[in-house]
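Student: Okay, predicted coordinates and the sequence, questions at the end:
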Amino acid sequence: MDVAVKRAVLRAFTYGLYAVGVRAGERYNLFTANWLTQVSFEPPLVALAVEHDAYSLDLLRESGAFAVSVLRADQRDVAMTLGRAHRKTPEKADAFPHEPAPSGAPILLDCIGWADCRVTGAMPAGDHVLFLAEVTAVGQRQPDAEPLVMRPAGFKYAG
């Protein structure tokens with residue numbers, strides 16, 4: 001397989017950029033995710049891929065829940081900050097005002113809307129873990145705003 005062609009094709013896929021919050025006990029984090037998608041209408045299900053070495057992976061497994069904050073098109077700085085590794089910037093989750101979703105996972109106060117999700121399954125997916133989760137609660141804050149997406153934001157994330 002031609003590596004350059006593979007990268008070009010995979011980078012042409014469209015992805016949103018989201019702030020995903022997790023909490024297990026007193027430990028919590030917010031991180032940027034782009035491999036997140038709705039997979040079912042009824043029940044409402046989403047899939048989320050998380051890297052094997054991510055700090056949030058253990059929190060997600062322990063809590064069995066996560067919350068998704070949908071970022072606005074002008075929130076590239078939020079995605080950049082939350083996209084940094086926790087080991088290098090452990091305070092990043094406190095860089096933006098947030099509150100707990102019903103599950104306790106943090107959701108951003110400044111976002112288009114949010115979804116609280118309960119994990120229903122997980123499976124290995126190469127260098128990631130793929131989580132399937134049911135949306136259990138939602139909230140809308142700025143329904144007319146445009147969502148942040150990878151390519152216009154200048155993000156690249158494909159092997």
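Tutor: Structure's in. What do you need?

Student: And the helices in this structure?
Tutor: Secondary structure of the chain by DSSP state H: the helices cover 3-12, 55-63, 76-82, 150-153.

Student: Determine which of the ones you listed approaches residue 99 most closely.
Tutor: helix 76-82 (15.5 Å; C-beta to C-beta). Where C-beta positions appear, they are placed from N, C-alpha and C, glycine not excepted.

Student: and the closest one, what other elements does it pack with?
Tutor: Secondary-structure packing of helix 76-82 (3 or more C-beta pairs under 8 Å, 6 or more residues apart in numbering; DSSP states H and E): strand 18-24, strand 27-33.

Student: can we see that at 10 Å?
Tutor: strand 18-24, strand 27-33, helix 150-153 (3 or more C-beta pairs under 10 Å, 6 or more residues apart in numbering; DSSP states H and E).

Student: Would you reformat the helices of the chain as CSV and include mean neighbour count, distance to residue 101 and mean pLDDT?
Tutor: Conversion of those to CSV gives the following (neighbours: other C-beta atoms under 10 Å; distance: least, C-beta to C-beta, whole Å; pLDDT from 0 to 100):
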stretch, mean neighbour count, distance to residue 101, mean pLDDT
helix 3-12, 11, 31, 81
helix 55-63, 19, 11, 97
helix 76-82, 18, 16, 95
helix 150-153, 15, 24, 70
